[in-house]
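Enquirer: pasting the structure only:
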C-alpha cells in the first residue's frame, strides 16, 4: 500500500501533529514501507501454525522464598523525623 502526501497530512491532522513539508515527504516514504511490510506478512500462509503466547513457552524459574536481608527498620526509623510503634508519623494533609 502506498500513501500520498494528502493522506499523510490528513493523518497528522487527525493525530493533532504538526509536520512540515519536508517531514511529510519523509513520512510518506516511511509509512508506505511499513504498510508494505505488513502486506508481505499478511500474504504468508499461516494455516496450521499454532499461535504462541511467548516465543519459548517456558515457565518462570522461581527462587526460594527466603529472607536475604536483615531487619533494619529500627535503624531507618531512628533517621526519621517522627516514628512511633514501628510507624512513620507524617503531618496530616487531609482534614
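Expert: Structure received. What you are looking at is a predicted structure, and each value in this text was computed from that prediction instead of being measured.
Enquirer: List the contacts of the longest helix along the chain.
Expert: In the chain, with assignment by DSSP state H, the single longest helix is helix 21-43. Defining contact as Cβ atoms under 8 Å, 6 or more residues apart in numbering, one finds that helix 21-43 is touched by 1, 2, 3, 4, 5, 8, 9, 12, 19. Bear in mind the C-beta positions are built from the backbone N, C-alpha and C, glycine included.
Enquirer: Now do it: distance to the chain's middle.
Expert: 23 Å (Cα atoms, centre = their mean, to the nearest Å).
Enquirer: what about residue 8, how many neighbours?
Expert: Under the neighbour criterion other Cβ atoms under 10 Å, residue 8 is assigned a count of 21.
Enquirer: how would you label it: helix, strand or coil?
Expert: helix (DSSP: H, G, I helix; E, B strand; the rest coil).
Enquirer: residues contacting it?
Expert: Residues counted as contacts of residue 8 (Cβ under 8 Å, 6+ apart) are 19, 24, 27, 28, 31.
Enquirer: pLDDT added to the residues you listed, as JSON lines?
Expert: Formatted as JSON lines, the contacts of residue 8 follow (pLDDT from 0 to 100):
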{"residue": "19", "pLDDT": "94"}
{"residue": "24", "pLDDT": "94"}
{"residue": "27", "pLDDT": "94"}
{"residue": "28", "pLDDT": "95"}
{"residue": "31", "pLDDT": "94"}
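Enquirer: Fine, thanks again, bye for now.
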